[in-house]
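> Return a 3D structure for these sequence lines:
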Amino acid sequence: MNSKPKVSDTIRLFRTSDHPCSYKAQETAATVFVDPELTIDQKLNTRLSELGYRRSGAHLYRPDCENCHACISCRLPVQNYKRNKRFQRIWNRNTDLRVIEHSSLEGEEAFLLYQSYIEKRHSDGDMYPATAEQFDAFIRSSVEGGRYYCFYLEQKLIAVAVSDILASGLSAVYTFFDPAQEKRSLGNYAILWQIEQARALGMDYLYLGYWIKACAKMEYKIAYRPLEMLVEGKWILLN
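Okay, here's the model as predicted:
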């Protein structure tokens, strides 16, 4: 693990060694992350999100691959967003759900939902099998402005959207949901709901993380328009 040039006089960055890429077969990847001893407050989270960083648990990171630049940060300008017919149907399909906001995630119900999600949807990934320790580090490890939006069908928890409140937008960190509720398209609904939440908070953006061309796991993000992508340090609007 090598020290990288500083973002500022007070922030150190570290780079991992090369490791197998989670998204492109037969490719290697490397990651730059912010000094893990640094407290991630809202100001820092906002600034680095604007520079293309992403939060995972208690860490802020960005890809730093020498031979590949496929990971592109994207964000959605929420004030100009209008649902197309497909997304309006998903919205209508889930009007019976209620959402409760929490600043922490307590109890076992959320972990069991996460465990089921990972086992049914990501059994081929590096997050399988789901463990309580992994859940605590990845999901329960929050930062200033971190929120858990819990979606309930009557009294049953069926989805959780982990989100950060930034200075100018929400950052959709991670979503997990009941795989048995496939007809509801809960992953997309969680994004649609966070768009409305960002609007209600008077914010400009919903940060969606990285998009990779021709990667099936990332394909859903490009369906949201207008969309801004960070290309060579500048946010470019796609209508």
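
> Which residue ranges make up each domain of this structure?
2-72, 74-238 (automatic domain parsing).

> Could you pull up the mean pLDDT of the first one?
Right, the one you point to is domain 2-72. Averaging pLDDT along domain 2-72 gives 88.

> what's the span of stretch 127-137, first residue to last?
12 Å (CA to CA, to the nearest Å).

> now do stretch 190-209
14 Å.

> what's the average pLDDT for that stretch?
98.

> How about stretch 79-93?
97.

> That stretch: which residues count as buried?
By 16 or more other CB atoms under 10 Å, the buried positions in stretch 79-93 come out as 81, 87, 90-91. (Glycine included, C-beta is placed from N, CA and C.)

> now, which of these lie within helices?
Among the buried residues of stretch 79-93, DSSP state H puts 87, 90-91 in helices.

> tell me how far the biggest helix by length in the chain is from the chain's mean position?
Counting residues, the longest helix found in the chain (DSSP H) is helix 186-200. Mean-position distance between helix 186-200 and its chain equals 12 Å (CA atoms, centre = their mean, to the nearest Å).

> Identify the residues contacting it?
Identification of contacts with helix 186-200 by CB atoms under 8 Å, 6 or more residues apart in numbering yields 76, 78-79, 81, 83, 87, 90-91, 93-94, 97, 99, 149, 151, 158-159, 161, 163, 169-170, 172, 175, 177-178, 204-206, 208, 220, 224.

> what do you get if the cut-off is 7 Å, keeping everything else the same?
76, 78-79, 81, 83, 87, 90-91, 94, 99, 149, 158-159, 161, 163, 169-170, 172, 175, 177, 205-206, 220 (CB atoms under 7 Å, 6 or more residues apart in numbering).

> The helix or strand immediately after that helix in the chain: how far from the chain's middle?
Per DSSP states H and E, the first helix or strand lying C-terminal to helix 186-200 is strand 205-211. Relative to its chain's centre, strand 205-211 lies at 7 Å (CA atoms, centre = their mean).
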